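Asks: Fold the following, please.
(2 chains)
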Amino acid sequence: MEQRWPDWIRERDDPHIAHTRPEALDDITVLDLSYKNFAGCYCSSMLAEFGAKVIRIEPPEGDFIRTCTPYGLLYKGEGLNYLSEGRNKHHITLNLKKPEGREILKSLVKKTDVLIETFSPGVMDGWAIGYEQLKNINPGLIFASITAFGQFGPMSRSRMPDYDNITQARSGVQSATGEVLPEGKSYDQCPWAVPTKAGPWIGWAQPGTFTAVGILAALYWRGISGEGQALDVATAEAYARFDDYAALWYQETGIVCERFGSLDTAGWLYCFAPTRDGAVFLGGLRLEMWQAFADMLGKWEEWGAAGWTTLQVFMRKEEQLKWAPLVFAETRKYTNDELVRMSVEYSRKGRLAPITPVVAPVCSPDEPMKDANWLDRGMFTPVKDPIYGEVIVAQAQHKMTETPVRTKWVCRPAGHDNETVYSEYLNLDPRRLDELKKAGII
Amino acid sequence: MAEETWKDYKDKKHSRPKPLSGIRVLEVCTLLLGPAGPGFAAEMGAEVIKCEIPPMGDTCRDLTPFGYQFREQGVAFAHMNTNKYFLGLDLHKPQAQEVFRELAAKSDVIENNLRPGVMESWNVGYRQINEINPGIIYLAKNGFGQWGQYAEENRPSNDGASQGFSGYAWLSSFPNQPPLKSRLYICDNYGALMGELAVLAALHYRQRTGKGQFIELSQTEAIMRAMTWVWPYQQITGKTAMPAGNRDLSVCPADTFRCKGDSFVAIAAPTPEEFKGLCNAMGRAELADDPRFKDHLTRLREDNATAILKIIADWARGKTPAEIEALAEKHGFAACHIYDTGEVVEDEHFRARGFMTEVDDPVLGKYLDHEFPVMMSKTPPRVEWGCRAVGFDNEYILKHTLGKSEDAIKKLYDCGALGKWADMPTRRPPSNWDGKAGLRQA
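Replies: This is a model prediction of the structure:
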């Protein structure tokens, strides 16, 4: 008999065997020159997890981004964001402000497939190591730039640097995320009812991921045509691209998408709801699921659920504002666990079973890290790092039968790999390296 | 120079090749996590055939802000289903499964976001397709992956559930306030982007070895991967990572501030030069030498961060966002008012770069949409045409790709394997459609 699918696939893509599998990008060399920009680090992590040889190039004093860490906390001398995204990379130092440093970079570029940089537009050109100059050395080079405004356009020469919170502000997303200011209240009374940014550095991680996708597409094209090229990512554009309906809605109606708390402008039933011990997410984007939810709460008759014929009515703003308090009054009677169990139970025995609403607990990030399901799936397996010891970073997010991602080490101090990389790529001996170090080049 | 590389990029992009030309992707996807990924591939030039169950097709077609439809189409649907071919195929029917398998034999990538086992029950699971096309790259996206406790429980998921489950929403709110849902379908879109990243890495591997593979992507694992510092922080301190509203815990100062007239501005100025610039802009040059703020790591400490953010908040309160933006440009730190959707759509810079791009669609007419946010100098990704009705391209695909006769196609319609749209808005073409525009000749 054919093996059960979950068993069959787990045998082939469990992260515990990832180290026995080949790596998708182990023929690719990447130079990551990003500076005080996490999008660059994250981008090169995406490639390094797939096995690319990523050489992180920092100024001799190290990248400022290493100091960007919550509450200023360091672990064995390392900031926590960098500790997570130094993974699988070879960390060298090189002073690009000095002509000799730039000559060394050019020598490295000859042996490189991809270069990632985040300097203000014009800086690399001014150093004579911009794309137009480097492509003469290596026509197959894929040269990816990540900046606040991009390489061209009226704002591209702005002096303003790129940061996550700025990206979220410029993308239009922050304006429409957040609690609504209660009627009759002021911002002084409700300083939390304001446009609200999201997540830890999603405005950097997301553009970094987009850039990695672009780099791989460019590599594919190079495989066909032999041509390299330049890539240009502006972080606010990348983040705004995820805004799925606001632009289309605005241009036809002039309506500007506004904050709607944890309800959803484009869907019902689709919201966070308060409970006795926290909050749950409720999802029922089909009429039957919304009916099932009403039924699960014992409101089938009172709310007239049998007579509902379309979900479209409920998606209107005034209907959402009418129904949400009724729903919340019910969910407040239960704990998260009770509501989750009620939904599972309903899928078995309810009037509309197996149809059931999606009920999911809104967790603090402490919970997933202890959750047996994610531990079993290898998400938080500690990495045994020779320098930093056992460190927990999120990993194994791509489970694949042939070339799964893996985290081989988490991080290394600035310049840790100078000797091995410079010797391997440029045949520089320790004495020469010492001279370069004394001259402030590496 | 960058000017040279990007000269006339916007005007010339439609005459240039696209990076994934020649790649064929079959999608059996619904809502957002599924279709967004092939949408990215399609904008990069892959031929994406979107298979929907006729006559209602993808549930995403229902997602409309407060019931508003964009030219009689679902708005989010229109945004993420560009450049695709639309096939109405009822995979419950054996004849439809046969059509799918014929297409699969000629495809490079298959993507679905159904629950584990559904594709297998339709005889188009990975094991079944791999037999006829061992080079296939087969991506399955969902909430919990293919194996493990939650997958075995067959738990449903969607974006909001994933925002809840991962800790992402909990962390993206204000302290002591209920968790806040992002207005973006961030976990759907980000999961989709991470899925495409793996597909492209797998494609690179296939280019080298000829081998295909299976990829599983859990949207919750994908978003947890992006929550970088959170996991080592919790491991190292033994504490739960806490929400901090608009303040960036890893960059100081970086926050959103209230200005004159209840408007808002985001500011970031962590490096020594940027911080000094901000202090000068505030007319408080002495702060740069204050021992509490002397370097970034010191400034990030809770007490110090609170103190400097308070100073900036008091200053910002008497300024307009525009005044602060001008000062940022002059003094070299980052500031941006909170753009609303209208400003994103109308922004001169986004327009000049072609990020807000004009689509001239034969079915939907002219409109503006976000361009793919990675600009590529030789192979520009781009939006070329808009979404279509269920089954709109049936004849083209069956004749052109599979070489079927009129008679064979009629039989497929007769048995219900092949079908077209329901006669209702969001499923059918706009009512002003002439019955011909947008149809491709086989």
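Asks: For B:Gly139, grab phi and psi.
Replies: Just to correct that, residue B:139 is Leu rather than Gly. According to degrees, to the nearest 10, the main-chain angles of B:Leu139 amount to phi -110, psi 130.
Asks: my guess is it meets B:Glu111, correct?
Replies: Yes - between B:Leu139 and B:Glu111 there is a contact at 4.6 Å, judged by CB atoms under 8 Å. Quick note: C-beta positions are derived from backbone N, CA and C, even for glycine.
Asks: show me the contacts for residue 330.
Replies: You didn't say which chain, so I picked chain A. By CB atoms under 8 Å, 6 or more residues apart in numbering or on different chains, A:Glu330 lies in contact with A:Leu297, A:Lys299.
Asks: my bad, the chain I had in mind was chain B
Replies: B:Ala281.
Asks: What's the separation between it and B:Asn280?
Replies: Per CB to CB, to the nearest Å, B:Lys330 is found 9 Å from B:Asn280.
Asks: Break chain A down into its domains, please.
Replies: A:5-242+A:373-438, A:270-356 (automatic domain parsing).
Asks: can you give me the helices for the stretch 251-400 of chain A?
Replies: For the stretch 251-400 of chain A, the helices defined by DSSP state H, counting those that start in this stretch occupy A:287-296, A:317-331, A:336-349, A:366-370, A:372-376.
Asks: Turn the ones you listed into TSV, columns for mean pLDDT.
Replies: Output for these, formatted as TSV (pLDDT from 0 to 100):
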stretch	mean pLDDT
helix A:287-296	96
helix A:317-331	97
helix A:336-349	94
helix A:366-370	97
helix A:372-376	98
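Asks: and the closest residue to B:Thr357 other than its chain neighbours, how many residues sit next to it?
Replies: Of all residues not flanking B:Thr357 in the chain, B:Glu371 sits nearest, at 4.2 Å (CB to CB, 6 or more residues apart in numbering or on different chains). B:Glu371: 24 surrounding residues under other CB atoms under 10 Å in any protein chain shown.
Asks: and B:Glu371, what does it touch?
Replies: B:Glu371 touches A:Glu237, B:Glu43, B:Gly354, B:Phe355, B:Met356, B:Thr357, B:Pro381, B:Arg382, B:Val383, counting by CB under 8 Å, 6+ apart.
Asks: Now for those residues, which sits with the most neighbours around it?
Replies: In the contacts of B:Glu371, the most neighbours by other CB under 10 Å go to A:Glu237, 30 neighbours.
Asks: what packs against the host helix or strand of that one?
Replies: Using DSSP states H and E, A:Glu237 sits in helix A:235-240. Where contact means 3 or more CB pairs under 8 Å, 6 or more residues apart in numbering or on different chains; DSSP states H and E, helix A:235-240 is packed against helix A:164-170, helix A:202-225.
Asks: any idea how chain B splits into domains?
Replies: B:2-225+B:353-414, B:254-258+B:264-337.
Asks: So which of these has the densest surroundings on average?
Replies: Compared across the domains of chain B, domain B:2-225+B:353-414 shows the largest average neighbour count, a mean of 22 (mean count of other CB atoms under 10 Å in any protein chain shown).
Asks: so how far does that domain reach from one end to the other?
Replies: Distance between the two ends of domain B:2-225+B:353-414: 57 Å, counting by CA to CA, to the nearest Å.
Asks: mean confidence score for it?
Replies: Domain B:2-225+B:353-414 shows a mean pLDDT of 97.
Asks: and that domain, how far out from the chain's middle?
Replies: 10 Å (CA atoms, centre = their mean, to the nearest Å).
Asks: Ok, stretch A:70-79 next?
Replies: With CA atoms, centre = their mean, you get 21 Å for stretch A:70-79.
Asks: That one and chain B in contact?
Replies: Yes - counting by CB under 8 Å from any CB of the partner chain, chain B has neighbours in stretch A:70-79: A:Pro70, A:Tyr71, A:Gly72, A:Leu73, A:Leu74, A:Tyr75, A:Gly79.
Asks: Does A:Asp125 touch B:Met1 like I think?
Replies: Yes - look at A:Asp125 against B:Met1 with CB under 8 Å: they come within range, at 4.8 Å.
Asks: okay, the two: which has more neighbours?
Replies: A:Asp125 (19 against 16).
Asks: which residue ranges form the strands in chain B?
Replies: Secondary structure of chain B, counting by DSSP state E: strands at B:24-28, B:47-52, B:84-88, B:109-112, B:137-142, B:213-218, B:254-258, B:264-268, B:334-337, B:356-361, B:365-370, B:375-376.
Asks: Dump those strands to TSV, plus distance to A:Trp374.
Replies: Converted to TSV, these look like this (distance: least, CB to CB, whole Å):
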stretch	distance to A:Trp374
strand B:24-28	27
strand B:47-52	31
strand B:84-88	33
strand B:109-112	23
strand B:137-142	15
strand B:213-218	9
strand B:254-258	30
strand B:264-268	32
strand B:334-337	35
strand B:356-361	39
strand B:365-370	32
strand B:375-376	36
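Asks: so what's the backbone phi/psi at A:Glu23?
Replies: According to degrees, to the nearest 10, A:Glu23 has phi -110, psi 140.
Asks: returning to what we had before: so which of the residues of stretch A:70-79 next to chain B is the most crowded?
Replies: In terms of neighbours by other CB under 10 Å, the residues of stretch A:70-79 next to chain B top out with A:Gly79 at 27 neighbours.
Asks: wait, doesn't that one sit right on A:Arg66?
Replies: Yes - A:Gly79 lies in contact with A:Arg66 (CB under 8 Å); the separation is 4.9 Å.
Asks: Now do the helices in the stretch 1-150 of chain A.
Replies: With DSSP H, counting those that start in this stretch as the criterion, the stretch 1-150 of chain A has helices at A:5-13, A:38-49, A:80-85, A:99-109, A:123-126, A:131-137.
Asks: Which residue would be the closest one in the stretch 51-200 of chain B to chain A?
Replies: Chain A sits closest to B:Gly167 of the stretch 51-200 of chain B, with a gap of 3.0 Å, by CB to the nearest CB.
Asks: nearest residue to that residue other than its sequence neighbours?
Replies: A:Pro365 (3.0 Å).
Asks: for B:Gly191, same thing?
Replies: B:Gln219 (3.2 Å).
Asks: from memory the one you found sits against B:Ser162, does it?
Replies: Yes - B:Gln219 is in contact with B:Ser162 according to CB under 8 Å; the separation is 4.8 Å.
Asks: Spit out the residues that contact those two alike.
Replies: Common contact partners of B:Gln219 and B:Ser162 (CB under 8 Å, 6+ apart): B:Gly143, B:Cys187, B:Asp188, B:Gly191.
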